[in-house]
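Engineer: got a predicted structure here, sequence first:
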Amino acid sequence: MESRSGLRGGLRRVEGSLRPRLRGFRQWWTRSLAAWLPARMRDLFGLSPQRLLLQPAEGGLQLALWRGEQVRTLAHVPLPPEVEQVDPLGRLLAPSMARVPRWLLLPGSAVLRRRLTLPAAAGDRLREVLGFEIDRQTPFTAADVSYDARPLGRRGDQLEAELVVVPRATLSAALAALGPLAPTLAGVDVAEADGSPLGVNLASGAARRRDDPSRGRNLILLLVALLALAAGMWQMLANREAAADFFAAQVEAEVERARSASLERRQLVDLIEGGAFLRAARAGRPTMVEVMDELARRLPDDTYLEKLSVEGDRILLIGLSREASALVARLQGSTLWSEPTLAGALQPDPRTRMDRFTLTATLNVADARPAARPATGGPDAAGGH
């Protein structure tokens with residue numbers, strides 16, 4: 001049980017120290033973003049801090065607009081009667097001005113201010129710390145005043161702050177003088193010498209807890225920021241998908257080019273191999289000139305050829321000769337052909353008194369098959385022909 005209570009106490013202390021820091025960071029972030037926008041844009045989106053200041057004056061109220069660290073006097077109006085139930089300023093102000101938060105501005109003589117030096121660690125809970133200093137720094141007790149704390153700056157490990165207190169009786173009298181305007185107030189501040197607000201809120205606890213009038217606008221801005229973030233992330237995802245599709249198309253194009261190059265290389269290798277085969281075939285085959293020269297040397301002078309043809313490896317001779325029966329013996333033993341044979345019977349030719357013969361032989365052709373390529377079909381194999 002003690003460990004649980006200690007853990008809860010530690011969580012409360014962490015939450016109490018983080019909450020003001022997060023609030024300060026949000027305010028700094030909002031001011032930094034608003035500084036990039038023109039004044040009209042800041043006014044349009046409600047990013048410029050502004051207040052409608054109600055300051056008691058002789059016979060009525062002085063209305064002033066505080067915006068962008070500047071105070072502009074608007075009008076002097078009489079105090080509304082206490083019996084009036086509606087907002088008396090709603091009829092006098094424009095709709096946009098009627099929505100501006102209203103603050104009561106007390107004169108500087110109505111409050112008591114004390115400047116204090118505190119440890120820097122007190123900055124996280126400055127108002128609570130200064131609440132314990134009321135009895136020592138002012139002639140009042142904490143129950144008799146409404147107070148607020150204003151940080152002035154840091155100096156090393158010291159924090160300069162100001163304690164501002166107003167007696168509850170004085171504050172109640174000022175609120176009572178406003179009549180029906182008192183419930184419409186967003187806070188109570190103090191006027192400095194130049195008429196600008198000091199920057200504190202001396203309202204009571206109930207008034208301090210009143211809903212922030214700019215909360216709806218802030219929620220809208222937060223929703224717009226979330227939508228913009230989602231749209232940015234979606235656009236980033238779409239860009240990544242488009243880049244992936246582009247790279248996939250590039251890879252497909254490269255693969256197609258590689259496939260085409262491989263096909264062209266295969267065709268080139270086939271052409272080289274075919275050319276090598278033809279060259280080998282020609283090298284192992286006797287030429288027609290060699291065949292005719294060999295026939296001229298072996299055939300007798302009284303032999304005439306009417307037809308000489310070579311089809312594949314078959315030689316066909318048709319002609320007339322006085323020694324036709326001896327032609328087979330004369331043609332044998334040649335290195336250019338083999339198996340010379342008479343095809344059919346000899347036919348005497350009465351006009352020339354010679355015998356017509358038909359003779360065939362087999363042409364000697366060397367093996368024209370090229371050496372076998374390696375199975376891989378690599379560039380070395382292609383380059384060897």
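Structural biologist: Thanks, I have it.

Engineer: phi and psi next, for residue 167.
Structural biologist: Per-residue torsions, residue 167: phi -60, psi 140 (degrees, to the nearest 10).

Engineer: doesn't residue 145 make contact with it?
Structural biologist: Yes. Residue 167 is within contact range of residue 145, at 5.7 Å (criterion: Cβ atoms under 8 Å). No exception for glycine: its C-beta is placed from N, CA and C like everyone else's.

Engineer: which of the two has more residues huddled nearby?
Structural biologist: Higher neighbour count among residue 167 and residue 145: residue 145, with 23 against 17, using other Cβ atoms under 10 Å.

Engineer: for that one, what are its contacts?
Structural biologist: 134, 138, 165-168 (Cβ atoms under 8 Å, 6 or more residues apart in numbering).

Engineer: which of these ranks first by neighbour count?
Structural biologist: Counting neighbours by other Cβ under 10 Å, residue 165 leads these with 24 neighbours.

Engineer: ok so, going back, so which of the contacts of residue 145 comes closest to residue 110?
Structural biologist: Comparing those against residue 110 with Cβ to Cβ picks out residue 166 as the nearest, at 6.0 Å.

Engineer: make sure that closest one is indeed in a strand.
Structural biologist: Yes. Under DSSP: H, G, I helix; E, B strand; the rest coil, residue 166 falls within a strand.

Engineer: distance check, it against residue 202.
Structural biologist: Separation of residue 166 from residue 202 (Cβ to Cβ, to the nearest Å) stands at 5 Å.

Engineer: between the two, which contacts overlap?
Structural biologist: Applying Cβ under 8 Å, 6+ apart, one finds that residue 166 and residue 202 are jointly contacted by 106, 111, 146-147, 188, 190.

Engineer: walk me through the domains of this structure.
Structural biologist: Using automatic domain parsing, the domain ranges for the chain come out as 36-213, 288-363.

Engineer: so what pLDDT did residue 220 get?
Structural biologist: What the model reports for residue 220 is a pLDDT of 78.

Engineer: in the stretch 51-200 of the chain, mark out all the strands, start to finish.
Structural biologist: For the stretch 51-200 of the chain, the strands defined by DSSP state E, counting those that start in this stretch cover 60-67, 70-78, 102-106, 112-119, 145-155, 158-167, 185-190.

Engineer: those strands: which one's closest to residue 276?
Structural biologist: Minimum separation from residue 276 across these (Cβ to Cβ) falls at strand 145-155, 92.5 Å.

Engineer: the closest one pairs with which strands?
Structural biologist: Using DSSP bridges, strand 145-155 pairs in its sheet with strand 158-167 (antiparallel).

Engineer: alpha carbons of the partner strand, in CSV - could you do that?
Structural biologist: In CSV, the C-alpha atoms belonging to strand 158-167 read as follows (Å, rounded to 0.1, in the frame of the first residue of the first chain):
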residue,chain,number,x,y,z
GLN,A,158,17.5,32.3,-9.6
LEU,A,159,14.1,33.2,-10.8
GLU,A,160,12.8,36.8,-10.6
ALA,A,161,9.0,36.9,-10.0
GLU,A,162,6.3,39.3,-8.9
LEU,A,163,3.5,38.7,-6.5
VAL,A,164,0.3,40.7,-7.3
VAL,A,165,-2.5,40.7,-4.7
VAL,A,166,-5.8,42.5,-4.5
PRO,A,167,-8.1,42.5,-1.5
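
Engineer: how about residues contacting it?
Structural biologist: Looking at what lies outside strand 158-167 - Cβ under 8 Å, 6+ apart - the contacts are 106, 110-120, 122-123, 126, 130, 133-134, 137-138, 140, 144-154, 188, 190, 198, 200, 202.

Engineer: drop anything exposed from those.
Structural biologist: For the contacts of strand 158-167, a burial check counting by 16 or more other Cβ atoms under 10 Å picks out 106, 110-112, 116, 118, 122-123, 126, 130, 133-134, 137-138, 140, 145-151, 188, 190, 198, 200, 202.

Engineer: give me the low-pLDDT residue ranges for the stretch 51-200 of the chain?
Structural biologist: For the stretch 51-200 of the chain, the stretches with pLDDT under 70 are 68, 81-86.

Engineer: burial count for residue 288?
Structural biologist: Neighbours around residue 288, by other Cβ under 10 Å: 10.

Engineer: helix, strand or coil for the nearest residue to it once chain neighbours are set aside?
Structural biologist: Nearest non-adjacent residue to residue 288, counting by Cβ to Cβ, 6 or more residues apart in numbering: residue 310, 6.7 Å away. Using three-state DSSP, the structure places residue 310 in strand.

Engineer: from memory residue 310 sits against residue 287, does it?
Structural biologist: No. Residue 310 is beyond contact range of residue 287, at 10.0 Å (criterion: Cβ under 8 Å).

Engineer: more crowded one of the two?
Structural biologist: A count of neighbours by other Cβ under 10 Å puts residue 310 above the other of residue 310 and residue 287, at 16 against 11.

Engineer: now the strands of the stretch 51-200 of the chain as CSV including distance to residue 258?
Structural biologist: CSV is the format used below for the strands of the stretch 51-200 of the chain (distance: least, Cβ to Cβ, whole Å):
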stretch, distance to residue 258
strand 60-67, 70
strand 70-78, 72
strand 102-106, 77
strand 112-119, 74
strand 145-155, 68
strand 158-167, 72
strand 185-190, 74
